[in-house]
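In: have a look at this prediction, sequence included:
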Amino acid sequence: MLRGLYTAAAGMMTQQSRHDTDVQNIANINTPGYKQVNSVARSFPEVLISMIGGGAENPNPQLGKLNTGVFAEESLSMYQQGVITESEKPTDFALVSDIEVTDPATGQNIPFDQSGKYVDADGKVTYKPEAYFTVRNADGGIGYTKDGSFKVTPDGLLLTSAGYQVLDANNRPIRLTGSVDSLKVNEQGFILNPATGAPGTRLGIAVVGQPGQMVRTGDGLFKVDDTAAAGVRALGNADRVEVRQHYLEQSNVDSSAAVVDMNTALRAYEANQKVVQFYDKSLDKAVNEVGKV
């Protein structure tokens, strides 16, 4: 009996995690550059049930396999690009990238799915490389973000909306000169001289070859613990990445799917809750009524 109680309780915790993930996605629908998170559930290992005792008429005491419930294994981010919308602000920037990867076995471009992932016949997972703005995070290291809604301090420092310093191609803070209205950045990310139009400082843009290695740190930032494993490198001239000024990348959350999944998780939670209540009543009878006999 207690096995069923534990299974139902595990189901409730899993659905709670799934519901919280959907709520997080819905709350960030209007957050520029936000990447949708999907909750992944996994079942506990199956156990083999065998009969205790029995006679010669039952030579096979094995009853079969039993699943002991599920648990929320991890939350996976979806790194595909969101919709690019015009904002008309000179300090708003969006990265439009379509970086292709060649399959060494076939010599053809890898056909990534809508989530930016490809799984070959051997089960090897390859992610589509993505471009990110580089910023100075709270620990003093390098952070990565898709949120290009920048702002400028009175002394000219370029900051993210959360107040982190935006870095240039040499990982140094960017300090602007002149008025914000005269700020112009070309498609390669170079800040143009307002008087001559000559390219100067370049926005720090990094290409992450394995976005699945990135870890969320809050405020729209990601960090990478092992840059070599994640394939982090500086933006190259051959990379198909375009910087668009006066534009922002919106979140890639599918609002309709998130609401449906949230309600599904709620119904599944309630179903597991009913099972727990049933076992609670059964235990109550076993202790308080059957025990009196």
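Out: Looks like it came in fine. Numbering: from 1, shown residues only.
In: how far does the lengthiest helix in the chain sit from the chain's center?
Out: Longest helix in the chain, counting residues (DSSP state H): helix 255-288. Remark: helix 255-288 is offset 28 Å from the chain centroid, using C-alpha atoms, centre = their mean, to the nearest Å.
In: which strands or helices does that helix pack on?
Out: Here helix 255-288 touches helix 2-27, going by 3 or more C-beta pairs under 8 Å, 6 or more residues apart in numbering; DSSP states H and E. (Glycine included, C-beta is placed from N, CA and C.)
In: I'd like the mean pLDDT over the longest helix of the chain, please.
Out: On average, the pLDDT along helix 255-288 is 87.
In: what of stretch 32-50?
Out: Averaged across stretch 32-50, the pLDDT comes to 80.
In: equivalent analysis for stretch 90-105, please.
Out: On average, stretch 90-105 scores 90.
In: now swap in stretch 194-210 and tell me
Out: Mean predicted confidence for stretch 194-210 is 91.
In: same thing with stretch 162-170?
Out: Mean pLDDT, stretch 162-170: 95.
In: what's next to that stretch, contact-wise?
Out: 133-138, 142-143, 145, 150, 157-160, 173-174, 189, 201-205, 219-221, 234-235 (C-beta atoms under 8 Å, 6 or more residues apart in numbering).
In: buried among these? Need that as a selection in ChimeraX.
Out: To isolate the buried ones among the contacts of stretch 162-170 in ChimeraX, judged by 16 or more other C-beta atoms under 10 Å, type:
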select :133,134,135,136,137,142,143,145,150,158,159,160,173,174,189,201,202,203,204,205,219,220,221,235
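In: ranges for the helices of the stretch 151-293 of the chain?
Out: Ranges of helices in the stretch 151-293 of the chain, per DSSP state H, counting those that start in this stretch, are 227-230, 255-288.
In: just put those helices in TSV and tack on mean neighbour count and distance to residue 34.
Out: Formatted as TSV, the helices of the stretch 151-293 of the chain follow (neighbours: other C-beta atoms under 10 Å; distance: least, C-beta to C-beta, whole Å):
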stretch	mean neighbour count	distance to residue 34
helix 227-230	14	20
helix 255-288	14	12
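In: and residue 103, which of the ones you listed is closest to it?
Out: Of all those, helix 227-230 sits nearest to residue 103, with 19.9 Å by C-beta to C-beta.
In: export that closest one as PDB, just CAs?
Out: Extracted C-alpha coordinates of helix 227-230, given in PDB (Å, rounded to 0.1, in the frame of the first residue of the first chain):
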ATOM      1  CA  THR A 227      34.200  27.200 -22.900                       C
ATOM      2  CA  ALA A 228      36.100  24.500 -24.800                       C
ATOM      3  CA  ALA A 229      33.300  21.900 -24.300                       C
ATOM      4  CA  ALA A 230      30.700  24.500 -25.200                       C
END
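In: how far off centre is it?
Out: In terms of C-alpha atoms, centre = their mean, the gap separating the centre of helix 227-230 from the centre of its chain is 18 Å.
In: check stretch 179-186 too.
Out: Computed by C-alpha atoms, centre = their mean, the chain-centroid distance of stretch 179-186 equals 32 Å.
In: from the opening residue of it to its closing one, how far?
Out: End-to-end distance of stretch 179-186 (C-alpha to C-alpha, to the nearest Å): 17 Å.
In: over to stretch 242-251?
Out: Terminal residues of stretch 242-251 lie 18 Å apart, using C-alpha to C-alpha.
In: what comes up buried for it?
Out: 242, 243, 244, 245, 247, 248, 249, 250, 251.
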